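In: sequence-free structure coming up:
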Ligand code: FES
C-alpha cells in the first residue's frame, strides 16, 4: 500500500490532466470572495472536511439503513442528502486542490475522480429509489459506498501524510517553551512595518502599531511560506501581511485570516513590554 501511494505521488504523467485542470479551476473560481468562502476563511476553519463529514455521514447512514432492510424511506432521504451536499463538498475540495503542490495534486486528482464516480453511483441510486426500485438502488448505493471509502482513504493520506490544507503553524507553537521570551526592543521597532525575529528556532513576525505590538508566527499556516518576505497590504482599513507563496493574507494586529487559501488564523502570541523590551508568550 505504501509503495502504491508513493508511486501515485510520483506519477508525473497525471500532471497532463492536473496542470490544465488547475488552471481551469483557478480561472473559473476567479472572484476572491468565492474562493475565500470555499476555503472556509469566513468561518475560520477549512470548509471541505466539514462538508465531507456531512456527505460521507449521509452515505454511511444510507448503507447501514440498507443493510437493516425495511428502511427504504430514511435510506432514500440519506442518499438524497448525500447527493444534494456533494456538489458544494466537491467544489470546496477542488478549490483547495487548486492551491496544492504537484505531488499533493496527483493524489488529490485520484481522490476527486474516485469520489466523483461515487457521487455518480449515488445519483443513479437515488433515481432508482425514487422510482420505487429499491433493490437496484441499494446495489448502486453499496458500489458508491465502496468507492467513497477509497476516496476518503486517499483524502486521509493527503491530509495526514502529505499535510495538505493542514494548519502548518500549529506544530510551530509546540516548539516554543512556556514562559516570556524577549523578542525586540520596542524603541527599535518601526511603526507599521513588521520585522522578523525568532524565539529560539521559531521565526516570528513583530508588528508595532503605535503602542500596540503583536507577535505572529512567521511561517504561514498554509504551507509554511515566509510571511517576513510578504507585502504589507490594506484590507478593509486593516494592515495585513500577504504570504509571498500563495497569497494568504492575515491581519497583523491579531492574525485573523482575511484571504485564503489558508483556512485558519495565523497564531498570535501574547505580548507585554518590560523595561522597553517586548516579550512574547504562548497564547
Ligand atoms: S504558504 Fe501558501 S499562502 Fe502561505
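Out: Good, I have the coordinates. Since the structure is predicted, the reported quantities are computational estimates derived from the model, not experimental observations.

In: Which residue ranges of the stretch 151-283 of the chain form helices?
Out: In the stretch 151-283 of the chain, the helices defined using DSSP state H, counting those that start in this stretch lie at 169-173.

In: where does it dip in pLDDT?
Out: Across the stretch 151-283 of the chain, nothing is flagged by pLDDT under 70.

In: near the ligand, which residues of it?
Out: 220, 222, 223, 225, 243, 245, 246, 247, 248, 261, 262 (CB under 6 Å from any ligand atom). C-beta: built from backbone N, CA, C; applies to glycine.

In: want to throw those into TSV with neighbour count?
Out: Converted to TSV, those look like this (neighbours: other CB atoms under 10 Å):
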residue	neighbour count
220	27
222	25
223	21
225	21
243	25
245	17
246	17
247	20
248	29
261	26
262	30
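
In: could these go into JSON lines alongside distance to residue 87?
Out: Output for these, formatted as JSON lines (distance: CB to CB, whole Å):
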{"residue": "220", "distance to residue 87": "30"}
{"residue": "222", "distance to residue 87": "25"}
{"residue": "223", "distance to residue 87": "27"}
{"residue": "225", "distance to residue 87": "31"}
{"residue": "243", "distance to residue 87": "29"}
{"residue": "245", "distance to residue 87": "29"}
{"residue": "246", "distance to residue 87": "25"}
{"residue": "247", "distance to residue 87": "26"}
{"residue": "248", "distance to residue 87": "25"}
{"residue": "261", "distance to residue 87": "20"}
{"residue": "262", "distance to residue 87": "24"}
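
In: can you tell me which two in those residues are farthest apart?
Out: Pairwise distances across those peak at 11.5 Å for 223 and 247 (criterion: CB to CB).

In: Neighbours of residue 191, how many?
Out: By other CB atoms under 10 Å, the residues close to residue 191 number 8.

In: Excluding chain neighbours, what is closest to it?
Out: Counting by CB to CB, 6 or more residues apart in numbering, residue 208 is the residue found nearest to residue 191 once chain neighbours are left out, at 5.7 Å.

In: give me every residue that touches the one you found.
Out: Contacts for residue 208 (CB atoms under 8 Å, 6 or more residues apart in numbering) come out as 186, 189, 190, 191, 192.

In: Okay, and the beta partners of it?
Out: When assigned by DSSP bridges, residue 208 has beta-bridge partners residue 191, residue 213.

In: Can we start the residue count at 46 from this point?
Out: Done: numbering now begins at 46, and the last item shifts to residue 253.

In: Tell me the residue of the stretch 96-245 of the chain that sits nearest the ligand?
Out: Closest approach between the stretch 96-245 of the chain and the ligand, counting by CB to the nearest ligand atom: residue 144, at 6.7 Å.
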